[in-house]
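1. sequence first, predicted model second:
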Amino acid sequence: MSDPHPARTPEKEDKRTFLQKVVEFIHPGPDSPEELIEALADAESNDVIGADARVMLERVIRMADMTAGDVMVAAPRMDLLPIDAPFDELLRVVISTAHSRFPVYQDERENIIGILMAKDLLKLQRSPELNIRALLRPAVFVPESKGLNDLLREFRANRNHLAVVIDEFGRVAGLVTIEDVLEQIVGEIEDEFDIPEDEGDIFALADRTYRVSGDTPIERVSEAFDVAIAGSDPHETFETIGGLISHEMGHVPKRGEQTELCGLQFVVLHTKGGAVRWFKVTPQTPDRASAG
């Protein structure tokens with residue numbers, strides 16, 4: 001009689017072979033995480049494991065010593081919603097930030113009373129008489145010292161994707177998402193605006209504008225657009241264009257905000273973790289733009 005599942009056996013054998021090779025290579029076991037990481041590097045050098053596997057395993061090991069405070073978005077950079085805000089204001093914030101979940105506060109930012117799902121705003125649109133409090137989900141609070149391994153386990157068990165981080169005095173220190181934790185293992189989770197670093201930081205677009213990464217050095221932007229870029233305060237110095245623009249605007253820019261500086265118009269395309277990831281830049285004098 002033929003095997004009813006002939007394709008499963010080779011898959012199991014390959015998995016066991018991989019694990020056996022790793023165990024045999026690092027035997028006897030290392031005495032510290034640092035030694036284990038060195039053993040993984042040796043395993044990669046000897047073609048026992050691939051580079052991607054080595055990097056991921058190393059991140060898993062290092063994550064054991066990390067806490068929620070290490071990866072959280074700090075409180076000043078949190079996008080919060082006031083419970084008493086009108087629907088139009090709530091919708092504007094949701095659209096401009098493009099988050100799926102928002103902590104909601106009452107009276108002051110420290111007083112977080114729940115979490116609002118962006119999709120639940122549709123219920124308010126259909127039924128304006130509905131009280132927004134009925135849409136709030138319980139907020140999860142964790143201490144800054146919460147280990148990432150334990151936090152990830154709780155996220156998965158409770159099917160929760162966001163937690164508010166509090167400091168030792170019980171004050172709001174920031175927030176952390178399941179994406180923040182997973183990125184410590186798999187690296188940054190890319191989205192539609194993410195472009196590999198080796199492809200550069202300034203890109204010409206079809207409409208004669210440019211997409212510029214927020215962490216592009218100011219000197220690089222000045223050279224690309226042939227303009228001398230400087231802030232309004234000569235005593236303040238910045239390394240990245242994102243840092244300079246944030247200072248000039250007086251706050252962390254949100255998606256859709258724009259400003260002009262040194263003959264260039266900057267429009268915020270995308271933010272992440274409280275920092276600008278991408279600008280759309282339009283030279284006010286097109287013939288001065290030499291970027292590409």
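-> Here it is on my side, so go on.

2. and residue 181, what pLDDT?
-> Here, the pLDDT recorded for residue 181 equals 87.

3. backbone dihedrals for it, both of them.
-> Dihedral angles of residue 181 (phi, psi; degrees, to the nearest 10) stand at phi -70, psi -50.

4. that one and residue 147 touch, don't they?
-> No. Under the criterion of Cβ atoms under 8 Å, residue 181 makes no contact with residue 147, lying 10.4 Å away. All C-beta atoms are positioned from the backbone trio N, CA, C, and that covers glycine.

5. okay, these two: which has more neighbours?
-> Comparing residue 181 with residue 147 by other Cβ atoms under 10 Å, the one with more neighbours is residue 181, at 21 against 15.

6. could you report the separation of the more buried one from residue 114?
-> Noted for residue 181: a distance of 22 Å to residue 114, by Cβ to Cβ, to the nearest Å.

7. what about residue 56, how many neighbours?
-> Residues contacting residue 56 under the criterion other Cβ under 10 Å number 16.

8. for it, give its distance to residue 134.
-> Residue 56 is 42 Å from residue 134, by Cβ to Cβ.

9. would you map the strands across the stretch 1-150 of the chain?
-> 73-74, 81-82, 101-105, 112-117, 141-143 (DSSP state E, counting those that start in this stretch).

10. save the ones you listed as JSON lines, and put in mean pLDDT, distance to residue 255 and mean neighbour count too.
-> JSON lines is the format used below for the strands of the stretch 1-150 of the chain (pLDDT from 0 to 100; distance: least, Cβ to Cβ, whole Å; neighbours: other Cβ atoms under 10 Å):
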{"stretch": "strand 73-74", "mean pLDDT": "86", "distance to residue 255": "15", "mean neighbour count": "16"}
{"stretch": "strand 81-82", "mean pLDDT": "94", "distance to residue 255": "16", "mean neighbour count": "19"}
{"stretch": "strand 101-105", "mean pLDDT": "94", "distance to residue 255": "14", "mean neighbour count": "20"}
{"stretch": "strand 112-117", "mean pLDDT": "94", "distance to residue 255": "18", "mean neighbour count": "19"}
{"stretch": "strand 141-143", "mean pLDDT": "95", "distance to residue 255": "27", "mean neighbour count": "16"}
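
11. same list, these, but as a markdown table with distance to residue 203 please.
-> Output for those, formatted as a markdown table (distance: least, Cβ to Cβ, whole Å):
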| stretch | distance to residue 203 |
| --- | --- |
| strand 73-74 | 27 |
| strand 81-82 | 33 |
| strand 101-105 | 30 |
| strand 112-117 | 33 |
| strand 141-143 | 38 |
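
12. distance between stretch 265-278 and the chain's centre?
-> Centre-to-centre, stretch 265-278 and its host chain are 12 Å apart (Cα atoms, centre = their mean, to the nearest Å).

13. so what touches that stretch?
-> 73-74, 76-78, 97-98, 180, 191, 193-194, 211-215, 241-242, 245-246, 252-260, 279-284 (Cβ atoms under 8 Å, 6 or more residues apart in numbering).

14. of those, which belong to helices?
-> The members of the contacts of stretch 265-278 that map onto helices under DSSP state H are 97, 180, 241, 242, 245, 246.

15. surely residue 145 touches residue 69?
-> Yes. If you go by Cβ under 8 Å, residue 145 and residue 69 touch, sitting 6.9 Å apart.

16. of those two, who's got more company?
-> Shown here are residue 145 and residue 69; by other Cβ under 10 Å, residue 69 has more neighbours (17 against 11).

17. pretty sure the more buried one contacts residue 165?
-> Yes. With contact defined as Cβ under 8 Å, residue 69 and residue 165 form a contacting pair (6.5 Å).
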